[in-house]
Structure formats: C-alpha cells, structure tokens
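Q: Fold the following and give me the result.
(4 chains)
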Protein chains: 2
Amino acid sequence: MPRPTKQDPERGAARTRLLEAARDVIRRQGFAATSVDQLCAAAGVTKGAFFHHFKDKAALGVAAADFWGETTGAFFEGAPYHRPADPLERVLAYIAFRRSIIGDELFEFTCLAGTLAQETYESAPEIGAAAGRAIFGHAATLEADIAAAMAARGISGGWTAASLARHTQTVLQGGFVLAKAGQDPQMVHESLDHLERYIRLLFQAA
Amino acid sequence: MPRPTKQDPERGAARTRLLEAARDVIRRQGFAATSVDQLCAAAGVTKGAFFHHFKDKAALGVAAADFWGETTGAFFEGAPYHRPADPLERVLAYIAFRRSIIGDELFEFTCLAGTLAQETYESAPEIGAAAGRAIFGHAATLEADIAAAMAARGISGGWTAASLARHTQTVLQGGFVLAKAGQDPQMVHESLDHLERYIRLLFQAA
DNA sequence: GATAATACAGACCATCAGGTATGTATGGCC
DNA sequence: GGCCATACATACCTGATGGTCTGTATTATC
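A: The predicted model follows:
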C-alpha cells in the first residue's frame, strides 16, 4: 500500500503516522477531545490525507484500536516473560513485566483501548467493539499459561483461567484510572502488587 | 440559594437539575462528547441558566465531580453494609453491596468520577483533581474497617489498609472499563468475585 | 507510452460548539 | 414601596470542527 517517492520517501506512510499520532494524542486527551486537525498536525500530514485513508473520524478510531491491538500484541509476544519453564512463573513474570514498563508519563504506558472503550462504548459502538477486541484478545494470550499452572498444581476453586486472565486486565485498567485520578503512576504498581499477591495465594506459592 | 416561585415552583432547581443531567449524560457519552446544549436540554433549562450557575463547561465538570462525591458519599454512608459487628464482615459486605447495585444498564452503575478522570486528567486537571477527590475520598471510607480487621486478626504482610482500600476501587474501576469494552456488566461481577476471594485469602477466612 | 489507480495537498463549506450580552421576573430588605 | 441581588430566558456572535471537492504527482499495468 505504501508507495514511496524519490522526492518524498515518507510518501505512503501517512496512514501509519496518523495511527501513531492517534495513539499518543488520544491517550492524552481522549477521543472526543481530539480534533482531526490536531491529529493531522501531530502526524505531519494534511486533512486530505486523513480523509483519503479514513472514511470519517470514527473509522480512525476503529483503525487506531485495531492498530493498538496489533502493535501491543507483537510487543508482548516478543517480551521476555514467556521464558520461564514453569507456567505460573510465566504468569508472575507477565505481571513483573507490566510493572517494568510503567514510567513517569501516564500517556506513555496507559491503554488506548481502555480509554477508547470508556468513551465510546455507547456513542460509537464500532470503536468500543474494536477496543474490546484489543483488550480481550490480549487477556486471552494469558489464558494458556494460567490454565497450565492450574493443571500443574491441581487447582480448581470456582474460577476459570479465562476469568483470572480478564481480572489481570481489570486490575491494570483500574490501575490506570486511579493513576490518572491521583496523577501518580505508583497507583498501578500498588495494585499490581495486590494482584501478584492474589495469584501467589491462589496457587499457594508463597 | 433556591428561590421558588408561585408560577414556577421548580425555580431554583436549575443547578441541581444540570448536575443530575451531567451525571447521567456524561456517564453515557463522556465529558468532551457532551455539549452544553445537550446538558441544558436534558435538564430542561436554558443556556442562560447554565452559564449563570457555572463559569464555563469545565466548572460544570468540577461541580459534577463534587456532586458525585457528595451524593455517593451519602448513599454509601446510609447503606446497610456497615451493620456487621466484625470489621472484616463489613468489608466483605461492602463488596457484596457493590455487587448488588450493578444492574443491566452500564451508564446507571458505572462511576462518573472514573470517567471524568480518564478523560480530563491532562487536558482539564481541575476536573481530574475533583474526580480524584471523589474516588480517593470514597476509598478512604473503607480504610478504618480494613485496619480494624487487620488488627483483630494480627495481619501485617507488606501491605497497608489504605492500599487495599484503593485496590478495591482499582478493581471496580477496571471492572467498569472491561464491562464497557465487552458490553457486559457481568465483567464487574467477575472481578468482584476475585477481589472477594483475595480478601478472604488475605485474612485466611475461607 | 497512454491509462488508471493511489496517495496525497489544500482550499472551501456548513454546522455546531462554547460563550456573551441583554432583558425580565421574583423575592428579600430597608 | 423603591432598590437590589438572584435566577433565570433568549438572541446573538465567533471560532472551531468534521467533512467535501478539486487538483496533482507518482507509480503500477498493459
């Protein structure tokens, strides 16, 4: 799809640049508060490019959520937390990894999909649905390790691997909300500590 | 401040009606996506009334967050979960109560403060701060019971009553996000189940 | 090498948004 | 009973916003 030029080797990259700009700007300001012009300025492209690639602003929202799902998917797939041989250790390593990627700037580590879902779940269901796919898709990548850990230790206590996988995302999303409310990334660390403690207790691996 | 009239006994109620409308409409659509005109229409008042009571839209946001903190504060204060004599039972009753007030309509039981914080933490810090006061203020009301439960059972394990109190709000806020992302209130129930299980494990009260 | 499709650029437009300015009815107060 | 503050109502203004339209450079294709 990209078709670079001799004069302008960046040609063909407008769509990607818009998606990257959306990722950054929307995480700061939210979807509704972000204008198309602002997105174009941040991406360094014109309005013509925007509406060439996206039917309307909502389509950009859907594409941004999908883009988020794809890029974070690749990012987590290549992350080192898959290395431990023991599945429970992999789950705990996931939490440690999530902790490690939290920095000082809220907009850099919070979740675009969560932000989009919160804002558009009713007014723009297509965007909300795309955000949902990103969140639940990521949660699903944890399921196998959790299930393996349960099997390895013979755990079964009224909860499922899928539900615990989703709960990890609940804690993360909630941590982001509290972090924003308190202007303090530490909130996420705190709740991840509780999550880790919970999982260790569940698996009796003190 | 209200000054009712013979002709119009509703006179004086415009501010409250606007805050109630804000509570409902913003939980559906978000803050930025909600226009002043829409708020006025929902409240059944005119724009003149709006800008008489609020300096600008941001001031309405702050007032709505404060209003949320006050009304929910009174609501939870009068709730029956304070009745058990044992402090741990009160904490567990709080979770059960939160579960019980979840209905079918997302906008009816989700948290205005969480929505506002997510959207305005950077673009309108005054609103974000007000939302933060509501959230952390509510969390603080749980602290005493948690601390009492810890003392009663001699618990001390690298975490504080304040941090566990905040964690309950993390799980709720995250549950709301997942519920919106999945268009399914059940997500909140699921995570509250995990939260309850965690607290029982912490206090060894299976 | 003509054709067609892609990937933009940039001017333009209608609407709507937040906000203001002004007018008016009511009731407290002296 | 005159004055003033409060609590609105209504008309209006201005800039921003989403979206369109037309033009143009580039490249694949035949």
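Q: Quick check: whatever residue of chain A ends up closest to DNA strand C vs chain B, distance?
A: Nearest residue of chain A to DNA strand C, counting by Cβ to the nearest atom of the strand: A:G48, 2.0 Å away. Quick note: C-beta positions are derived from backbone N, CA and C, even for glycine. For A:G48, the distance to chain B (Cβ to the nearest Cβ, to the nearest Å) stands at 25 Å.
Q: and that residue, how many neighbours?
A: Neighbour count of A:G48, defined by other Cβ atoms under 10 Å in any protein chain shown: 10.
Q: got a list of what it touches?
A: By Cβ atoms under 8 Å, 6 or more residues apart in numbering or on different chains, A:G48 lies in contact with nothing.
Q: So for it, what's the pLDDT?
A: Confidence at A:G48, expressed as pLDDT, is 95.
Q: what about dumping the CA coordinates of the helix or strand harbouring it to CSV?
A: According to DSSP states H and E, A:G48 maps onto helix A:47-53. Extracted in CSV, the C-alpha atoms of helix A:47-53 (Å, rounded to 0.1, in the frame of the first residue of the first chain):
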residue,chain,number,x,y,z
LYS,A,47,-6.6,16.8,6.0
GLY,A,48,-6.7,15.4,2.5
ALA,A,49,-4.5,12.5,3.6
PHE,A,50,-6.7,11.9,6.6
PHE,A,51,-9.9,11.5,4.7
HIS,A,52,-8.2,9.6,2.0
HIS,A,53,-7.3,6.9,4.4
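Q: And it, what's buried?
A: For helix A:47-53, burial by neighbour count (16 or more other Cβ atoms under 10 Å in any protein chain shown) applies to A:49-50, A:53.
Q: Whichever strand or helix holds A:T168 relative to helix B:161-182, how many degrees between them?
A: Secondary structure from DSSP H and E places A:T168 in helix A:161-182. Per axes from the mean of the first three to the mean of the last three Cα atoms, to 10 degrees, the angle that helix A:161-182 makes with helix B:161-182 is 110 degrees.
Q: gap between the residue in chain A positioned nearest to chain B and B:G103?
A: Nearest residue of chain A to chain B, counting by Cβ to the nearest Cβ: A:G174, 2.7 Å away. Taking Cβ to Cβ, to the nearest Å as the measure, A:G174 falls 20 Å from B:G103.
Q: Who has more neighbours out of those two?
A: Neighbour count, other Cβ under 10 Å: between A:G174 and B:G103, A:G174 has more, with 29 against 9.
Q: How confident was the prediction at that one?
A: 98.
Q: Quick one: the helices in chain A, in order.
A: A:14-29, A:36-43, A:47-53, A:57-77, A:87-100, A:106-109, A:112-120, A:125-153, A:161-182, A:186-202 (DSSP state H).
Q: Packed most tightly, which of those helices would that be?
A: Highest mean neighbour count among those (mean count of other Cβ atoms under 10 Å in any protein chain shown): helix A:112-120, with a mean of 28.
Q: Which residues does that helix contact?
A: Contacts for helix A:112-120 (Cβ under 8 Å, 6+ apart): A:23, A:26-27, A:30-32, A:61, A:64-65, A:68-69, A:127-128, A:130-132, A:134-135, A:173, A:176, B:30, B:32-33, B:114-115, B:118-119, B:176-177, B:180-181.
Q: show me the contacts for the residue lying closest to the residue of chain A closest to chain B once chain neighbours are set aside.
A: Among residues not flanking A:G174 along the chain, B:G174 sits closest, at 2.7 Å (Cβ to Cβ, 6 or more residues apart in numbering or on different chains). Going by Cβ under 8 Å, 6+ apart, B:G174 touches A:169-175, A:177, B:191.
Q: With A:F51 instead?
A: Going by Cβ under 8 Å, 6+ apart, the list of residues near A:F51 is empty.
Q: Could you check the pLDDT of it?
A: pLDDT, A:F51: 96.
Q: swap in A:T168?
A: 98.
Q: what residues are up against it?
A: A:94-95, A:139, A:142, A:195.
Q: Surely A:A42 touches A:A21?
A: Yes - the pair A:A42 / A:A21 is scored as a contact, 3.9 Å apart, by Cβ atoms under 8 Å.
Q: Against A:S191, how distant is the residue positioned nearest the centre of chain A?
A: Closest to where the C-alpha atoms of chain A average out (Cα atoms, centre = their mean) is A:C111, at 4.3 Å. Relative to A:S191, A:C111 is positioned 14 Å away (criterion: Cβ to Cβ).
Q: Equivalent analysis for A:L202, please.
A: On the measure of Cβ to Cβ, A:L202 and A:S191 end up 16 Å apart.
Q: what do A:C111 and A:S191 both touch?
A: With Cβ under 8 Å, 6+ apart, A:C111 and A:S191 have common neighbours A:L172.
Q: returning to what we had before: ok, so of the contacts of B:G174, who is nearest DNA strand D?
A: Nearest to DNA strand D among the contacts of B:G174, with distances taken as Cβ to the nearest atom of the strand, is A:V177, at 23.9 Å.
Q: So that closest one sits against B:V171, correct?
A: No - using Cβ under 8 Å, A:V177 makes no contact with B:V171, being 10.7 Å away.
Q: right, and A:V62 touches A:A130 too?
A: Yes - if you go by Cβ under 8 Å, A:V62 and A:A130 touch, sitting 4.6 Å apart.
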